[in-house]
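**Student:** Sequence isn't available, so here's the structure alone:
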């Protein structure tokens, strides 16, 4: 079974220092197996390049206006990163010891630049991590959404346990749910060649239930775009049409 370590980082501006990181671990069915949140005071800034100071200062103002107050779990940034990396390696190691065919992935929603910079800082703390425990691959959840017909830039509704917004653990929990939903997206495709023998209406191919009528297909799909199938095999749209239920 696949396991996903989904994380989210809050930083002072897109290229400023990270001040909080949250994660959840889910399996391919979306069941949450672990979670965590680590933070420092956002005002505890690391040295920044002079050309980035205005950007970072405006980012700090944005945090004060838009982000929830997070209880600091650590006194400095490195200690926060160490705690995060320990969580990653602890989960990864536990699964690596299980000889049951589990696959293990780290994932983040639009990881550049915030999450990518955070991981780079983790490697700089201990360069050996690059050769022993660095994530490979790092899954971009936005790309998974795009590949499955979902809008990668949309603001999706949140479940009750996915609040408050900009709490990195809550954000990671929403990202994990969207990842699982995208990976389990139902394909529903209309055929313009096959019809129901009794009603004469077109049949819809649903990868969860075979050929069904429109009413049944609508119950399955969470997607608007559908590709034409014939006898369960994907074809180019020349034999059918892109449609919406």
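**Tutor:** Noted; the coordinates are in hand. Just so it is clear, the structure is predicted and the values come from calculations on it, not from any experiment.
**Student:** longest single helix anywhere in this protein?
**Tutor:** The longest helix of the chain (DSSP state H) is helix 77-96.
**Student:** Direction included, what does the helix or strand just after that helix pair against?
**Tutor:** Downstream of helix 77-96, the first helix or strand assigned by DSSP states H and E is strand 103-108. Strand pairing for strand 103-108, determined by DSSP bridges: strand 2-11 (parallel), strand 138-140 (parallel).
**Student:** starting at the chain centroid, how far to strand 103-108?
**Tutor:** Between the centre of strand 103-108 and the centre of its chain there are 9 Å (C-alpha atoms, centre = their mean, to the nearest Å).
**Student:** And the helices in the protein, which stretches?
**Tutor:** Counting by DSSP H, the helices of the chain are 53-66, 77-96, 114-125, 129-132, 141-147, 168-183, 214-220.
**Student:** Where among these is average confidence lowest?
**Tutor:** Ranked on mean pLDDT, the bottom entry among the helices of the chain is helix 214-220, at a mean of 61.
**Student:** and the residue sitting furthest away from the middle of the chain, what is it in contact with?
**Tutor:** Computed with C-alpha atoms, centre = their mean, the maximum C-alpha offset from the centroid of the chain is found at residue 198, amounting to 43.8 Å. With contact set as C-beta atoms under 8 Å, 6 or more residues apart in numbering, residue 198 has no partners. No exception for glycine: its C-beta is placed from N, CA and C like everyone else's.
**Student:** so what pLDDT did it get?
**Tutor:** 72.
**Student:** any idea how far it lies from residue 78?
**Tutor:** 69 Å (C-beta to C-beta, to the nearest Å).
**Student:** just residue 67 next, same as before
**Tutor:** Applying C-beta to C-beta to residue 67 and residue 78 gives a distance of 22 Å.
**Student:** give me the beta-bridge partners of residue 27?
**Tutor:** residue 3.
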